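# Show me the folded form of this:
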Amino acid sequence: MEKRGKKNNWKCFRVDDGGLVVCAPPSPSTGIAYQIDSDIEPRFILLPRNESLRINKDGKQLCKAMGGVMNYQNNQKRGQSKQVVSENKYCTVGARPRRSARGVEPGHYKMESGSSKEDWDIVVDGVKRGEQAFHQYMGTNVIRQIREARNVVEWERVRSSNGKEAKIFNGVAFGMNIHLRAHVDHDFTYSVIQVHVDGMEYGLYDKVVCYFCFPRLGVAVPIKPGDFLMINALEYHCVSSRCMEDVDVYCLSCYLKTAVVGGNDNKRVLTKEEEMCLMEFDALGKLETTRKTRRRCRELDV
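Next comes the predicted model:
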């Protein structure tokens with residue numbers, strides 16, 4: 001979807017009209033990794049259907065818990081670049097950068113908002129299942145980045161009422177029958193998307209309930225209940241409207257914000273270890289710039 005003019009005039013592409021190429025796995029035992037020659041890591045990874053269902057057997061408890069949390073949450077207001085194109089409620093919970101001050105809000109749900117601890121703990125379990133998928137299918141370099149970052153700095157993460165804590169993600173966003181304008185997110189690592197339908201046991205050959213779209217790539221990924229999709233959130237992305245009007249689709253996204261990893265405080269004094277990491281990062285950036293310049297020179301025969 002793209003926005004035109006000053007008013008909220010949206011251009012919507014129908015997947016079945018050929019506006020986007022459907023990138024579907026050939027069998028339940030096969031996944032998808034989208035990567036071009038210049039990419040170090042894939043733009044997105046769809047887990048094989050049989051592996052997703054080994055982790056997500058059904059979504060009954062999770063759908064009920066998400067509904068319970070949404071009942072007591074205010075609708076998340078997003079900027080125009082990430083606008084929710086739906087009248088349904090969209091919630092983001094967990095640790096988050098403070099809006100008008102330095103620092104990060106804690107990674108536990110505010111119990112005083114009215115939702116039950118049981119509902120929130122089930123949502124946290126859903127986040128941890130997303131992390132299980134992440135560790136099983138994400139590339140070694142990405143997993144090493146997370147591990148090394150945690151060796152240097154501890155960031156606030158999603159945690160349950162009984163103290164169980166996610167290993168990676170600081171927040172989770174979810175809603176029922178929602179779709180968003182195509183956008184990018186300033187995330188530190190890959191986000192993990194999972195889709196659920198209440199009241200059903202998942203099977204290998206379930207029908208597609210929505211598409212996850214990458215309009216800049218011209219690609220749409222068909223999503224079935226229980227599927228896991230890992231995305232580089234710096235690539236333009238959005239979830240489509242649901243495919244069947246009589247089926248309620250819950251979409252849940254686990255993410256790690258760069259601002260949370262950095263503590264949302266530009267005035268904080270860095271430790272010696274952090275300063276060394278910054279120096280190495282700057283050196284790598286200069287090296288990459290030099291390589292690109294030399295490559296351009298060779299292409300131009302300079």
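# low pLDDT regions in this protein?
By pLDDT under 70, the low-scoring segments of the chain are 1-11, 13, 16-17, 74-86, 107, 109-114, 278, 281, 284-302.
# Show me the domain layout of it.
For the chain, the structural domains run 2-261, 270-302, going by automatic domain parsing.
# most tightly surrounded among those?
domain 2-261 (a mean of 17; mean count of other CB atoms under 10 Å). Every residue, glycine included, has its C-beta placed from N, CA and C.
# surely Val219 meets Val21?
Yes - checked against CB atoms under 8 Å, the pair Val219 and Val21 is within contact range at 5.6 Å.
# Would you map the helices across the stretch 1-150 of the chain?
49-55, 60-71, 117-137, 140-152 (DSSP state H, counting those that start in this stretch).
# how about JSON lines for those, with distance to Gly175 added?
Formatted as JSON lines, the helices of the stretch 1-150 of the chain follow (distance: least, CB to CB, whole Å):
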{"stretch": "helix 49-55", "distance to Gly175": "20"}
{"stretch": "helix 60-71", "distance to Gly175": "7"}
{"stretch": "helix 117-137", "distance to Gly175": "13"}
{"stretch": "helix 140-152", "distance to Gly175": "26"}
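# just the strands in the stretch 151-300 of the chain please.
For the stretch 151-300 of the chain, the strands defined by DSSP state E, counting those that start in this stretch occupy 171-176, 191-197, 210-214, 219-223, 228-231, 238-239, 249-255.
# could these be laid out in CSV, adding distance to Val15?
CSV is the format used below for the strands of the stretch 151-300 of the chain (distance: least, CB to CB, whole Å):
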stretch, distance to Val15
strand 171-176, 20
strand 191-197, 15
strand 210-214, 5
strand 219-223, 5
strand 228-231, 15
strand 238-239, 12
strand 249-255, 15
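# I'd like to know which of the ones you listed is closest to Arg157.
strand 171-176 (8.9 Å; CB to CB).
# contacts for that closest one?
66-67, 70, 76, 84, 86, 88-96, 123, 126-127, 158, 248-257, 260 (CB atoms under 8 Å, 6 or more residues apart in numbering).
# Also stretch 239-249?
Stretch 239-249 is touched from outside by 15, 86, 176-180, 193, 195-198, 207-213, 220, 223, 251, with contacts defined as CB under 8 Å, 6+ apart.
# Contact partners for Ala133?
Counting by CB under 8 Å, 6+ apart, Ala133 has contacts Leu47, Glu51, Ser52, Ile55, Val192, Gln194, Phe228, Met230.
# Which residues does the fifth one form beta bridges with?
For Val192, the residues forming beta bridges with it (DSSP bridges) are Met230, Cys254.
# Might one say that it is in contact with Ser253?
Yes - here Val192 reaches Ser253: they are 7.3 Å apart, a contact under CB under 8 Å.
# Now the residue nearest to the spatial centre of the chain: closest residue in space, sequence neighbours ignored.
For the chain, Ser191 is the residue whose C-alpha lies nearest the centre (CA atoms, centre = their mean; 2.9 Å). Leaving out its chain neighbours, the residue that sits closest to Ser191 by CB to CB, 6 or more residues apart in numbering is Tyr255, at 4.4 Å.
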